[in-house]
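S.K.: Model the structure of this input:
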Amino acid sequence: MGVVGDFNCLLDPSEKKGGRPYARVKYRPFVECVEDCGLVDSPFIGEDYTWFNNRVGGVEIRSRIDRLLFNQPWTDMFSCLVHHLDRVGSDHAPLLVECKSHGRPPARPFTFLNVWTEHEDFQKVVADSWREDITGNPMFVFGAKLKRLAHRLKRWNRDTFGHIFDRLKVLEQDVRDIELQLQTDSSDETYIEFKRRSALLKRQYRIEDEFWRQKAHAKWVTDGERNSGYFHSVVKNRRRKLYIHRIQNDRGQWVTERAAIAMQAITFFQAMFTADPSVTSSALDMIPRLVTDEDNDRLCAVPEMEEVKTAVFAMDSKSAAGPDGYIGAFYKAAWTIICTDLLAMVHAFFLGHDLTRPLTHTSIVLLPKKSNPVTFADFRPISLCNYCKKIITKIMVVRLASVLPRLLSPHQSGFVAGHSITDNILLAQEMCHGMRVDNEDVILKLDMMKAYDRVSWYFLMSVLRRFGFSETWIDLVYRAISNIWYPVIINGIREGFFQSTRGLQQGDPLSPSLFILSTEVLSRSLARLYADPIVARFTQPRDAPHIHHLAYADDIVIFTSARGDTLERVRAVLRSYEQISGQAVSLPKSAFFMHPKALAPVLERVRDTLECSLDVLPFTYLGCPIYHGRKRIHYFEPVLKKMRNKSWRVLERRLPTDDVLARFGFALPSRCLCCSPPGRETITHIFYHGSMARRVWTYFTESARIRGTHHSLRSVLSIWWAQRPRSRMLSFLFHRLPMIILWEIWTHYAACKYGDARPNFARIIFRVATAVSECIYRRWPSGGLLPSRWSVIMEHVQRGSRRRRVVPIRWVPPPGGTIKVNVARAPVRGAFAAIVRDSTGKFLYALSSIAFRWEPVERGGMDVLLRCIQWCISQSFLRIHVESHHSALACFFREGTPWYLHDVYVRLRFLCSIATVQWFHCDVRANAPTTELALWAVDSTEGTREFTNLQDLDIRVRSLLPMDDLLFFRIDEDGGNP
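M.R.: Numbering: from 1, shown residues only. Got it, this is the predicted structure:
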């Protein structure tokens with residue numbers, strides 16, 4: 001069924017531009033109708049909006065109210081595309097619906113099915129085929145045995161499993177027949193036959209489920225549930241989204257015929273994977289020799305059986321199969337049969353044999369990078385490699401991982417052990433925050449055109465040679481990435497067959513490591529450029545390490561200045577890198593950013609020099625907004641939109657629970673696993689009516705002393721949000737707590753259904769309390785991070801003072817002859833730090849430590865405190881003042897500590913008998929250097945570290961120590977920290 005026309009309604013607020021915001025109450029009934037009927041929106045090409053009010057001057061309104069909707073049977077028969085034509089004589093755009101029959105399906109290539117491994121005859125079929133000898137080199141033998149086994153498995157599957165869906169229909173009819181017979185003949189023989197046929201039907205259901213699960217690549221669904229209808233719809237929807245109806249050629253003409261589209265794809269990707277003439281450059285001179293002979297011997301050693309087995313079992317068993325059709329599940333299930341030949345093939349490669357074409361054969365799958373791709377440049381090519389080749393490259397990348405951190409600059413954090421993506425995000429934010437207009441600071445965000453696919457092999461081998469890799473290893477790498485033959489999968493059919501002469505395969509385990517090694521040339525070129533003192537630099541704090549760029553694989557941001565000829569030099573470095581590496585900077589997609597108050601002549605000069613467009617802050621880097629100045633809510637609008645969408649789906653019953661899926665024809669056994677006894681899984685049951693949800697809501701409602709009757713989720717939310725407490729902190733809490741409760745109930749439900757968790761009321765309460773504590777700390781940091789205990793949080797919130805008072809804040813030196821130990825805890829993890837100073841404020845000693853995850857957080861603080869007091873006593877400092885803004889640490893000096901801290905408490909009391917130790921509480925702002933040191937410990941890879949020299953401290957900590965003499969004032973008011 002297909003429905004087309006003017007619906008005068010939207011499916012999403014983003015489908016309207018101009019005018020008043022589209023209210024949710026207007027499009028909610030339409031969305032419900034579309035979902036209840038099982039309809040989907042057709043893809044389209046042309047203008048985004050189909051209706052225009054034909055007005056200008058700031059009052060124009062555009063919307064997409066005309067569309068084609070169709071159901072699943074329609075997509076099984078046709079592939080559809082809607083053309084939004086030009087509006088002529090009407091405010092509506094005409095719709096041209098193009099439907100094509102799928103035609104005769106192509107011949108299905110061999111694909112290994114996971115369900116085969118569970119059959120009792122599988123091992124015998126594999127062993128019988130594998131033991132037949134084939135002569136030749138190990139590469140040829142292994143490939144030939146895989147090919148022969150594929151034919152045997154297809155024949156065995158046809159004889160044993162048959163046609164899955166036809167056999168399922170037969171078994172369903174057999175069960176219906178025996179059920180009718182059982183009504184008139186209740187003998188034991190009939191009952192036994194009924195049980196036998198029912199068992200066969202259940203087994204066939206499981207085979208069908210596993211078939212669709214594998215094709216849908218759905219790994220999260222609980223075993224034992226029948227989800228074949230859902231899996232089938234996932235596969236169909238994915239095919240619909242990947243279907244290419246038409247494409248533009250080099251001359252801008254639309255190509256619609258299947259053969260013409262295929263030829264255009266082959267021409268485009270063959271040109272992409274064809275190398276230009278190699279160019280040598282002095283840019284490689286700055287790469288030092290860092291790989292030792294011992295490293296090379298370890299890299300090039302012939303693998304043992306255990307190393308090969310580790311590589312096989314470390315990779316995903318259910319990842320997409322390559323052209324040979326085998327996936328990881330086959331290699332793991334048949335390991336004892338094929339391991340000898342597999343090891344011989346790996347040995348042959350490491351001893352110098354080339355990979356044969358059947359092993360390097362790789363299919364290209366095209367994933368659209370935007371909703372309506374126009375040319376093949378709008379697709380991302382993903383390589384589907386054969387699993388046997390990935391075993392070899394997996395061994396190589398595991399060996400290379402031990403060498404890689406020594407070769408790369410600290411600016412590169414992608415695919416390197418010990419480096420985190422958050423490092424780059426935080427550094428980029430700090431750099432942007434320090435941008436100055438008088439220094440003409442410039443942030444250049446590069447977009448590399450098809451970065452992986454354009455890497456020059458000649459350039460890559462030269463880089464490896466410069467780093468000191470042996471010729472044997474370089475030969476291994478070259479043979480692993482060359483001799484690759486590609487077909488392109490267009491609308492489910494493999495088209496063409498060509499060889500590449502450049503590029504790295506996205507999907508090969510070795511490719512990310514080789515790519516970041518090649519980008520090291522750019523990093524070191526920029527480092528050499530900025531080593532020249534004449535070159536202007538981006539504004540940074542004095543004595544801070546210079547950061548001129550950040551890279552996460554091919555996501556590169558350069559921090560520079562427009563003063564002098566710096567931009568010309570940066571552009572020259574980029575051109576040189578493009579010439580020797582094969583890479584190309586996409587100038588139309590790259591952009592530069594400057595201070596909001598930068599002068600127009602400066603902006604114009606930068607635009608002309610860099611040849612890319614000016615964009616406004618904030619910009620998105622690695623998925624996060626990077627901004628200058630104060631945070632604005634609209635910077636995080638994408639995150640807020642997702643949160644709103646989740647809340648709306650809860651209230652409107654649009655989450656994929658069993659009752660919702662049943663409305664779409666997915667018959668599932670329904671039971672809620674988060675309650676005891678389990679009830680029927682519905683949205684209202686999960687979030688309100690279930691025994692677990694009712695306990696949670698009752699607990700928090702009674703503890704907050706909220707009165708009112710509620711009988712549904714909407715009513716309980718209304719009661720919470722209708723509260724108008726005088727305390728700002730209580731108001732803050734009442735508005736946020738319901739959404740936190742909903743989220744924790746949902747994550748607990750998911751952990752029970754899809755994981756190994758069991759219903760646990762106390763865990764939900766603890767997680768809610770932890771989230772609330774973090775929210776309060778971010779809003780009122782002066783109060784410190786509260787414990788994850790709800791009673792403590794409520795006591796803290798309810799005793800908030802309503803009187804304003806001005807409190808002076810500063811770090812107060814101890815009396816003469818006394819040592820002060822400041823202790824602090826990082827607000828995000830169990831990291832503690834301490835700084836020791838004398839009565840003049842002189843730095844003496846510091847310590848940072850991270851508590852083990854399995855230890856209580858308090859133990860980390862006590863250990864840091866003990867070690868500092870021990871150090872003071874060893875230095876003959878016997879008068880000690882301990883100061884912290886965490887009142888929880890005060891319990892260390894009094895009786896009643898928890899039993900699991902008793903041993904540390906005894907040691908602390910013993911030290912207090914040797915020295916005079918006193919406890920003092922301070923404001924968080926008077927303890928800023930120690931808190932910053934604890935945060936540094938979180939980001940550091942070191943567990944515990946001592947500092948006896950001031951210069952060994954991080955620059956952020958050193959810069960805060962002199963500021964302790966400054967006087968601050970804190971205003972305590974209603975809802976503030978008492």
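S.K.: switch to C-alpha atoms for all contacts and neighbour counts from now on
M.R.: Will do.
S.K.: quick one: the residue sitting nearest the centre point of the chain and Arg778, what's the gap?
M.R.: Centroid-nearest residue in the chain, with CA atoms, centre = their mean: Gly623, separated by 9.2 Å. Computed as CA to CA, to the nearest Å, the Gly623 to Arg778 distance reads 22 Å.
S.K.: same deal with Pro303?
M.R.: Remark: distance between Pro303 and Arg778 (CA to CA) = 52 Å.
S.K.: Counting neighbours around each, name which of those two comes out higher.
M.R.: In this view Pro303 and Arg778 are compared by other CA atoms under 10 Å, and Pro303 has more residues nearby, 17 against 14.
S.K.: surely that one meets His347?
M.R.: Yes: taking CA atoms under 8 Å as the definition, Pro303 is a contact partner of His347 at 7.0 Å.
S.K.: Can you pull out the low-pLDDT segments for the stretch 51-200 of the chain?
M.R.: Residue ranges of the stretch 51-200 of the chain with pLDDT under 70: 76, 102-107, 162-165.
S.K.: Going along the chain, name the strands of it.
M.R.: In the stretch 51-200 of the chain, the segments counted as strands under DSSP state E, counting those that start in this stretch are 51-52, 62-63, 66-70, 78-84, 95-101.
S.K.: Kindly point out the strands partnered with the second one and how each is oriented relative to it.
M.R.: Each strand paired with strand 62-63, and its direction, by DSSP bridges: strand 16-17 (antiparallel), strand 51-52 (antiparallel).
S.K.: State which helix of this protein is the longest.
M.R.: The single longest helix within the chain, with elements called by DSSP state H, is helix 188-216.
S.K.: same for that one, what does it pack against?
M.R.: helix 164-184, helix 228-242 (3 or more CA pairs under 8 Å, 6 or more residues apart in numbering; DSSP states H and E).
S.K.: Let me know the next secondary structure element after the last one.
M.R.: Beyond helix 228-242 in the direction of the C-terminus, DSSP states H and E gives the next helix or strand as strand 247-248.
S.K.: So which elements touch the next helix or strand after that next one?
M.R.: Under the assignment DSSP H and E, the closest C-terminal helix or strand after strand 247-248 is strand 254-255. Applying 3+ CA pairs under 8 Å, 6+ apart, one finds that strand 254-255 contacts strand 247-248.
S.K.: Ser518 is in contact with Leu460, correct?
M.R.: Yes: applying CA under 8 Å as the test, Leu460 and Ser518 come out as touching, 5.9 Å apart.
S.K.: all strands of the stretch 551-700 of the chain, in order?
M.R.: Counting by DSSP E, counting those that start in this stretch, the stretch 551-700 of the chain has strands at residues 555-561, 591-594, 613-614, 619-621, 624-626.
S.K.: most neighbours per residue, which of these?
M.R.: Mean neighbour count (mean count of other CA atoms under 10 Å) peaks for strand 591-594 among the strands of the stretch 551-700 of the chain, with a mean of 24.
S.K.: Give the pairing partners of that one; include direction for each.
M.R.: Strand 591-594 has these strand partners (DSSP bridges): strand 441-446 (antiparallel), strand 613-614 (parallel).
S.K.: which residues make contact with the shortest one from outside it?
M.R.: Which is strand 613-614. 587-588, 590-593, 603, 607 (CA atoms under 8 Å, 6 or more residues apart in numbering).
S.K.: Show me which of these is closest to Phe766.
M.R.: Phe593 (43.6 Å; CA to CA).
S.K.: Report the beta-bridge partners for the closest one.
M.R.: Assigned bridge partners for Phe593, using DSSP bridges, are Ile443.
S.K.: That one: what's it in contact with?
M.R.: Listed by CA under 8 Å, 6+ apart, the contact set of Phe593 reads 442-444, 614-617.
S.K.: what's the pLDDT at it?
M.R.: Note on Phe593: pLDDT of 93.
S.K.: do the same with Arg694
M.R.: 84.
S.K.: Quick check: it vs Val716, distance?
M.R.: According to CA to CA, Arg694 stands 11 Å off from Val716.
S.K.: what about the two, which has more around it?
M.R.: Val716 (18 against 14).
S.K.: For the more buried one, identify the helix or strand it belongs to.
M.R.: Take DSSP H and E as the rule and Val716 turns out to sit in helix 713-722.
S.K.: Moving C-terminal from that helix, which element do we reach first?
M.R.: helix 728-754.
S.K.: which is the next helix or strand following that following helix?
M.R.: Under the assignment DSSP H and E, the closest C-terminal helix or strand after helix 728-754 is helix 761-779.
S.K.: List the buried residues of that next one.
M.R.: Buried residues in helix 761-779, counted by 16 or more other CA atoms under 10 Å: 761, 764-777.
S.K.: cool, and stretch 12-31?
M.R.: 15-17, 22, 27, 30.
S.K.: As CSV, those with pLDDT would be great.
M.R.: What follows is the buried residues of stretch 12-31, written out as CSV (pLDDT from 0 to 100):
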residue, pLDDT
Glu15, 84
Lys16, 86
Lys17, 85
Tyr22, 70
Tyr27, 69
Phe30, 81
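S.K.: Now the two most distant members of those.
M.R.: Taking CA to CA as the measure, the buried residues of stretch 12-31 span a maximum distance of 19.0 Å, between Lys17 and Phe30.
S.K.: Now do the strands in the stretch 301-450 of the chain.
M.R.: Using DSSP E, counting those that start in this stretch, strands in the stretch 301-450 of the chain cover 363-368, 379-384, 441-446.
S.K.: Show me the one of the ones you listed that comes nearest Ile580.
M.R.: Across these, closest to Ile580 is strand 441-446 (CA to CA), at 17.6 Å.
S.K.: helix or strand right after the closest one?
M.R.: Per DSSP H and E, strand 441-446 leads on to helix 457-467 as the next helix or strand towards the C-terminus.
S.K.: what about the stretch 501-650 of the chain, any weak spots by pLDDT?
M.R.: 633-634, 637-650.
S.K.: do the same with the stretch 801-950 of the chain
M.R.: Residues of the stretch 801-950 of the chain that meet the criterion pLDDT under 70 lie in 801-808, 827-829, 851-858, 887-902, 941.
S.K.: returning to that earlier point: go through the strands of the stretch 551-700 of the chain and name the closest to Thr930.
M.R.: strand 624-626 (27.1 Å).
S.K.: roughly how far out does that closest one sit from the chain middle?
M.R.: Distance of strand 624-626 from the chain centroid (CA atoms, centre = their mean, to the nearest Å) equals 15 Å.
S.K.: Summarise which helices and strands it is packed against.
M.R.: helix 421-433, strand 619-621.
S.K.: ok, that strand: who's next to it in the sheet?
M.R.: In the sheet, strand 624-626 lines up against strand 619-621 (antiparallel) (DSSP bridges).
S.K.: The closest residue to Val126 other than its chain neighbours: what's it in contact with?
M.R.: Sequence neighbours aside, Leu149 is the residue nearest to Val126 in space, at 6.8 Å (criterion: CA to CA, 6 or more residues apart in numbering). Listed by CA under 8 Å, 6+ apart, the contact set of Leu149 reads 126, 129-130.
S.K.: What of Pro43?
M.R.: The contact partners of Pro43, by CA under 8 Å, 6+ apart, come to 80-82, 241, 372.
S.K.: With distance to Pro814 as extra columns, can I get those in a markdown table?
M.R.: Conversion of the contacts of Pro43 to a markdown table gives the following (distance: CA to CA, whole Å):
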| residue | distance to Pro814 |
| --- | --- |
| Cys80 | 79 |
| Leu81 | 77 |
| Val82 | 77 |
| Lys241 | 70 |
| Asn372 | 68 |
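S.K.: Which residue ranges make up the domains of the chain?
M.R.: Here the domain assignment for the chain is 2-101, 114-239, 283-302+351-626, 636-798, 805-972, based on automatic domain parsing.
S.K.: Could you dump these into TSV and include distance to Thr336?
M.R.: Converted to TSV, the domains of the chain look like this (distance: least, CA to CA, whole Å):
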stretch	distance to Thr336
domain 2-101	42
domain 114-239	10
domain 283-302+351-626	16
domain 636-798	30
domain 805-972	38
